[in-house]
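*Asks:* Please work out how this folds:
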Amino acid sequence: MKIRFGYVANATLLWDASPAKSLTFKRFSELGKGERINKLHEVTLQNIENTRRILLYNAAHQIEVYRLSSSIVPLATHPEVQWDFVEPFKKEWEELGSLIKQYGMRVSFHPNQFTLFTSSNPVITANAVKDMVFHYEMLSAMGVEKESVINIHVGGAYGDKAKATTRFYENIAALPLHVKQQMTLENDDKTYTADETLKVCQNENIPMVFDYHHYMANQGEKPFEDLLPDIFATWEHTGLIPKIHVSSPKNEKEFRSHSDFVDLEFLMPLIKALRTLNQDVDFMIEAKKKDQAMLKLVEDISKIRGVKRISGGSAEWK
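*Replies:* Residues are numbered from 1 along each chain as shown. Predicted structure coming up:
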């Protein structure tokens, strides 16, 4: 069994390398018309450059799993802005894609919690479609859209989960098929359990990302050990390794909040289940310390008897 480890967006050990430097609509509106596009270009170029630095950092550390920032392009889907963020940076996007391919990285996006398909408000659904298409267009600009996924949650229950789930099936039809083919769904920590998310994924032929911390905060009817084989089966048609989100609670009182690092003891039941199944997986670390937490977890797991660290960002059980 092999596990590759990755982290989210920011490489904390790099100086001033945020790939999510912002430009608010308020600030954008205060600029003169001639300055607006220049500022959009300036911030976007800086975020793309920092993404390039992070990809090189990942390559140097042999980290093959990485979640790109959803905020590389400021105001990309704002109804009063909407601008061409691809053509002016065609060369730069392609360079990011070349690095991803050269070093065999698996990249993904995770739009925010407002990108959902369970609402009865058609505006929210339309915005969700727009946001999903935006993320797909970034992947396409890099030339990695077929090997990458865009992960979201099922959505809210709005007081009636059965009706909300029905709306998901109705609303997801508005998403272009080529975008839907690259999406995944993840169980959340308050509303949709792993059982419920799995059922939606099976009905819509969508791969499921299992979040272990969310499962522990919002357990469904079945033990996660019983769910894992069916969750992994949702990935079979993609040719991709199943992905699992990993984090641990900040403390008992703030159980849903992520801690700075990942507690190996909290994770051990999951690791034991994976060993039993002998299943290769990719872990996406969602800890506050990001790359530092990821590197520490690889080191901690490598100390387990029978585990061999085979690269900077992966470990294998003998």
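
*Asks:* how far away is the nearest residue to R106 once chain neighbours are set aside from G104?
*Replies:* Distance criterion C-beta to C-beta, 6 or more residues apart in numbering; nearest residue to R106, sequence neighbours excluded, is V65 at 5.1 Å. The C-beta positions use only the backbone N, C-alpha and C, and glycine is treated the same way. Here V65 is placed at a distance of 10 Å from G104 (C-beta to C-beta, to the nearest Å).

*Asks:* the more surrounded of those two?
*Replies:* V65 (23 against 11; other C-beta atoms under 10 Å).

*Asks:* quick one: the more buried one from K39, how far?
*Replies:* From V65 to K39 the distance is 33 Å (C-beta to C-beta).

*Asks:* Would you agree T276 falls within a strand?
*Replies:* No. Checked against DSSP: H, G, I helix; E, B strand; the rest coil, T276 lies outside a strand; its state is helix.

*Asks:* got the buried residues for stretch 287-305?
*Replies:* By neighbour count on 16 or more other C-beta atoms under 10 Å, the buried set for stretch 287-305 is 287, 289-298, 300-301.

*Asks:* What lies in contact with the lowest-mean-pLDDT helix or strand in the chain?
*Replies:* Ranked by mean pLDDT, DSSP states H and E, the helix or strand of the chain with the weakest confidence is helix 25-30, at a mean of 92. Outside helix 25-30, the residues that touch it by C-beta atoms under 8 Å, 6 or more residues apart in numbering are R36, K39, L40, P74, L75, H78, E80, V81.

*Asks:* Out of these, which comes closest to L270?
*Replies:* P74 (36.8 Å; C-beta to C-beta).

*Asks:* wait, doesn't that closest one sit right on Q46?
*Replies:* No. Using C-beta atoms under 8 Å, P74 is not in contact with Q46; the gap is 10.2 Å.

*Asks:* what about the two, which has more around it?
*Replies:* Taking other C-beta under 10 Å, P74 and Q46 do not tie; P74 has more neighbours (23 against 15).

*Asks:* Setting the sequence-adjacent residues aside, check what's closest to that one.
*Replies:* In space, P74 is closest to L23, 4.0 Å off (C-beta to C-beta, 6+ apart).

*Asks:* For burial, what's the neighbour tally of the one you found?
*Replies:* Count around L23 with other C-beta under 10 Å applied: 18.

*Asks:* what about it, helix or strand, and which?
*Replies:* Using DSSP states H and E, L23 sits within no helix or strand.

*Asks:* Distance check, it against D16.
*Replies:* For L23, the distance to D16 - C-beta to C-beta - is 17 Å.

*Asks:* Between all of the contacts of helix 25-30, which two are at the greatest distance?
*Replies:* Farthest pair in these, by C-beta to C-beta: K39 and E80, 14.9 Å.

*Asks:* Between these two, which is the more surrounded one?
*Replies:* K39 (15 against 8).
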